[in-house]
Each structure stands twice: as C-alpha cells, then as structure tokens.
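[1] Sequence and predicted model, in that order:
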Amino acid sequence: MTDSVLFELWPASHGKQIAVATLNAEKSHNALSLDMIRLLSPQLDAWQRDPAVVCVVLQGAGEKAFCAGGDVVAVHHAIKAGDFPATEAFFREEYELDYAIHTYAKPILAWGHGIVMGGGVGLMAGASHRVVTERSRIAMPEITIGLYPDVGGSWFLSRLPGRLGLYLGLTGASFNAADALYVGMADFALPSATRSRLPDLLGAIAWQDEPKVNHRLLSSALRGEAREAALELPPSPIRAHYDAIQSFTDYDTVDEMVAAIASYEGSDDWLRAGAKKLAAGSPTSMRLIVAAQQRAKFMSLREVFDMELTLSQQCCRQGDFAEGVRALLIDKDHQPRWSPATLAEVSEAHVDAFFTA
C-alpha cells in the first residue's frame, strides 16, 4: 500500500535541508484524509524542532491538483453509521493541522497548483509563502454539500476586501491565480514548470539559523523568480466584478442578499455560474455562511477554529451535510433534498443551534 503522504529532504546551502511533504492520492485529486492528517501533523512538528530543516514545501502529487478538499465521503459514511466520534476526530485534527500551519515558525511554501478547494484551501491559507500557477483553480464550494467554508474559512473570508468573502462563500465561485493574488489569498505566481526547478532554486538560498531571516530570504527568491518569469495570468474575474459583488451583497438580510445574487440573468458566465450554484445550494448553509463570517470578524483565529469545530459537528448531526455529499459525490444524482427546503423556512433558532456545542 502506497503512503498517502510522501516525505523527503532536499539538500540546501550551509548544510541545511528543505523538508517536502507531498499529498499522494492523485486519483482523488489529493483529497485530504484523516490518514494524511495523522501523517502530516507529527512530521511538521518534528521538522519544526529539527535545526537542520529551514523550510517546508507542501505540494500535491501529479499535475491536476494540490488538494481538492477534505475526504467528505469518508465523513458521510461515518455520519450514516452514527459514528460521531469519528467525524469529530476528523474535523478536530484537520483544524489542529491548519492552525499549526498558520502558526508555524519556519517558512512553509504551499505549491497551490491545479485544483485547490475546501480543505486544500485550508492547508494553503496558513502557509507563509503561497504560490499559485497559471493553472490554479481555487474555490470554497461547501454550499453545494450542505456545509459552509470551514478550515478557517470563516476567518480568512471575512477578512477579504469589501464583502467578497460573503459572495465567495455563498456562490462557491471558482477563482484563478490572478484572483488569489488580488484578494490576498496567494503571495506569488510562478509558471507551473517551475516546480521541477524548486530543489535547485530553494537549495541555492543562503539559509540561516533564524526563521525570521529565512522567511525574508525565501520571499526574495520567489519574488525574483516571479519577476524573471513575468507570467501572464488569465484576467481576474473578482477584480472585474468587484463593484457588482458589492452591489449584490449590500443588504441587511440574508434573504435579500441571496435573492440579489441568485436573480442575476446577465450575460457574464462567471456571475451566472455563481447565481446557479447559490440557487441550488443548501438554504441552511446560506444562513450559516453569513452568520459564521459575521461572528468571525471579532474573533481570533483560534476562536474561529473552535467555533467551526462546533459548527461542523452540528452539520454532521442535524444539517444537510450528509445529504449534500450523497447527491453530489456518492449517488451523483445532483438532486439534494434539503431540509428545510427553502431559505424562508430556516429560522434564527435553527441557525443558532449550530453554534451550540
């Protein structure tokens, strides 16, 4: 059986080492499983303590995806079996890993190439050096499975310019490398072909013993590489539609906001896709997404992860989550039976219950 995460060390200057973790589940687009989490967490901790390791590279196997999200099919099976300790373990350990990446002392380079969705965004968001390529396709599409943008999404989406986080959460809109740079969810854009040169590029850096210095050295190397490559990225839909997104979300109630986004019937394909995805999404998720982001604005990152652990557990126990995964990923009939079935039926008390442990 092949390991779900591959670990290796690349030689670097001054006798230092670059530690590399490769998510190794190419057939599932490197979907993040509990086994992967349990391999990554202790290894990152060991590398943190190893004075020879100066930088960590986090990447996905193959050319199609960094990580297409958490292994929600496994979570679905646990829900159906009534194994809520297993669902709690998955989310708790996933969020602990994400928090460890956010707070890691040494630089972490996340190679966000190809599909980066859901739990993959969670892994990438906290990395100190987030690299995208011309083929990056990023999204938080949890509304389609009766969940909400978790893995710290309530925290980082609520801190995007304007109300972009609400729009991206409600529509599950896919965005590209230029978008990620524009909204601050990526730091550098490099050609996908650069990955084969990373061992030489990183190995040549004059690494020091001080992590803060190494953060700057890595930034300088990636910045220089990006300028030399002068990669031409596809245009940014988020930048182009910023004013429209602000207009769609400039309402006092979730109901008005959802109606404004979902009623778009113009000619723009990106906005039409967002409207369609929202209209088909879980009504409960619509209210949870807005409520979670509103609360997260006034919380620390640790507090947000604690809130999301409660939310996710409640989604497993009483929400549309299992039904959404069934319809999209198991039976693939794309006919979820949401309960409540309409936004008007989702009461404030129903939403508040999700925030209660």
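    Received it, and whenever you're ready, just let me know what you need.

[2] on contacts alone, who are the packing partners of the host helix or strand of L309?
    Assigned by DSSP states H and E, L309 belongs to helix 301-318. Secondary-structure packing of helix 301-318 (3 or more CB pairs under 8 Å, 6 or more residues apart in numbering; DSSP states H and E): helix 72-80, helix 84-102, helix 153-157, helix 283-296, helix 348-354. For glycine as for every other residue, the C-beta is placed from the backbone atoms N, C-alpha and C.

[3] tell me the mean pLDDT for the helix or strand just after that helix?
    Using DSSP H and E, the helix or strand that directly follows helix 301-318 along the chain is helix 321-325. Taken as a whole, helix 321-325 carries a mean pLDDT of 97.

[4] Not counting its own residues, what contacts helix 321-325?
    Residues from elsewhere that reach helix 321-325 (CB atoms under 8 Å, 6 or more residues apart in numbering): 72-73, 75-76, 79-80, 144-147, 282, 315-316, 336-339.

[5] Make a ChimeraX selection of the buried ones in those residues.
    Restricted to buried positions by 16 or more other CB atoms under 10 Å, the ChimeraX selection for the contacts of helix 321-325 reads:
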select :72,73,75,76,79,144,145,146,147,282,315,316,336,338
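
[6] what ranges of the chain fall below the confidence cut-off?
    1 (pLDDT under 70).

[7] quick one, strands of it?
    Counting by DSSP state E, residue ranges of the strands within the chain are 5-11, 17-23, 53-60, 65-67, 108-112, 115-117, 129-132, 137-139, 188-189.

[8] Pull out the buried positions in the second one.
    What that stands for is strand 17-23. So, applying 16+ other CB under 10 Å, buried residues of strand 17-23: 17-23.

[9] Farthest pair within those?
    Spatial extent of the buried residues of strand 17-23 (CB to CB) is set by the pair Q17 and L23 at 20.1 Å.

[10] mind checking the end-to-end distance for stretch 201-220?
    Stretch 201-220 stretches 12 Å from its first residue to its last (CA to CA, to the nearest Å).

[11] sorry, that was for stretch 78-89
    Distance between the two ends of stretch 78-89: 11 Å, counting by CA to CA.

[12] which other residues reach it?
    With contacts defined as CB under 8 Å, 6+ apart, stretch 78-89 is touched by 34, 75, 90, 309, 312-313, 316-317, 321-322.

[13] okay, those residues in CSV with distance to D179 next?
    As requested, the contacts of stretch 78-89 are exported to CSV (distance: CB to CB, whole Å):
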residue, distance to D179
L34, 30
V75, 28
F90, 29
L309, 28
S312, 26
Q313, 31
C316, 31
R317, 34
F321, 27
A322, 31
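
[14] Now that we have the residues you listed, which of them are buried?
    34, 75, 90, 309, 312-313, 316, 321-322.

[15] Go through those and name the one nearest L301.
    Closest to L301, out of all of the buried ones among the contacts of stretch 78-89 and judged by CB to CB, is L309, at 13.0 Å.
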